[in-house]
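S.K.: I would like the atomic coordinates for the input below:
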Amino acid sequence: MKVIDLTHTISEDMPVYPGTETPKLTVPCTVEKNGFRETLLQMFSHTGTHMDAPAHLIENGKTLERFEASQFVGSALVIDCTGLSEGERIDISLVRAYGELAEKADFLLFRTDWDGKWGTAAYFEAFPCITEEVADFIVSSGKKGVGLDMISLDPVGADLPNHRKILSQNTIVIIENLCNLGRVGSGLFTLVAAPLKFENADGAPIRAIAIID
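M.R.: Model prediction:
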């Protein structure tokens, strides 16, 4: 069994969505002073590698803690989009190229290798976004979730039409800011993407891992 971490590390100098404050990790208790170390974490719910709940954009939408834990585990498939140029769209032909695998997978993860721009201004600019047809496929094929190695399914500053279409189903989650998708391969694998469980969670950081038998 091979386990691959698909998660960026949370740090005070990490990239965040424009307009969001960066995390704060302070250490009020230390082994020297208190006999134990404890860290105070202060961050927005959509920080780092994280999951969007329907409640993120949909009035009365489902929050993450209301989903069964099984929502966050399932078969996944990486869709290779690395041949796209900056600003080009991820269209349905890239998904259809995987045939039945794309239909069977619980999660579709779009690999652009944009995570290589993590920590630079370019990370927020001209990344490939899915088309409406791809969003329709995610909905019609009954996916548990969709993920990507970029900041968003929609351009920064847009009205988030792809988010709204997918989250309005109240059954699908969105995973953003994944990394290392190039290490997974082209077949089905098991994805574990468990969010922090807190009340009224419109989103939450996750530890996403790929398990390959």
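S.K.: now the lengthiest helix in the chain, how far from the centre of its chain.
M.R.: Longest helix in the chain by number of residues (criterion: DSSP state H): helix 132-140. Mean C-alpha position of helix 132-140 versus that of the full chain (C-alpha atoms, centre = their mean, to the nearest Å) differs by 17 Å.
S.K.: do stretch 5-15 as well
M.R.: Distance, centroid of stretch 5-15 to centroid of chain: 13 Å (C-alpha atoms, centre = their mean).
S.K.: ok, and for that stretch, which residues are buried?
M.R.: 6-8, 10, 14-15 (16 or more other C-beta atoms under 10 Å). (C-beta placed from N, C-alpha, C; glycine too.)
S.K.: ditto for stretch 98-106
M.R.: Per 16+ other C-beta under 10 Å, stretch 98-106 contains these buried residues: 98, 101-102, 105-106.
S.K.: adding secondary structure, distance to residue 166 and pLDDT, write those residues out as CSV.
M.R.: Listed next are these as CSV, based on DSSP: H, G, I helix; E, B strand; the rest coil; distance: C-beta to C-beta, whole Å; pLDDT from 0 to 100:
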residue, secondary structure, distance to residue 166, pLDDT
98, coil, 19, 98
101, helix, 20, 98
102, helix, 16, 98
105, coil, 15, 98
106, coil, 14, 98
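S.K.: could I get the full set of helices for the protein?
M.R.: 31-34, 92-96, 100-104, 132-140, 161-167.
S.K.: who are the contact partners of residue 161?
M.R.: 132, 135, 154 (C-beta atoms under 8 Å, 6 or more residues apart in numbering).
S.K.: any idea how far residue 129 is from it?
M.R.: 10 Å (C-beta to C-beta, to the nearest Å).
S.K.: ok, now how distant is the closest residue to residue 89 other than its chain neighbours from residue 177?
M.R.: Once flanking residues are discounted, residue 89 sits nearest to residue 131: 5.0 Å by C-beta to C-beta, 6 or more residues apart in numbering. Per C-beta to C-beta, residue 131 is found 21 Å from residue 177.
S.K.: residue 92 now?
M.R.: To residue 177, residue 92 is 24 Å away according to C-beta to C-beta.
S.K.: comparing these two, which shows the higher neighbour count?
M.R.: residue 177 (29 against 16; other C-beta atoms under 10 Å).
S.K.: ok, now which ones touch the residue lying closest to the more buried one once chain neighbours are set aside?
M.R.: Spatial nearest neighbour of residue 177, chain neighbours left out: residue 49 (4.7 Å); criterion: C-beta to C-beta, 6+ apart. By C-beta under 8 Å, 6+ apart, the contact list for residue 49 reads 6-8, 175-179, 205-208.
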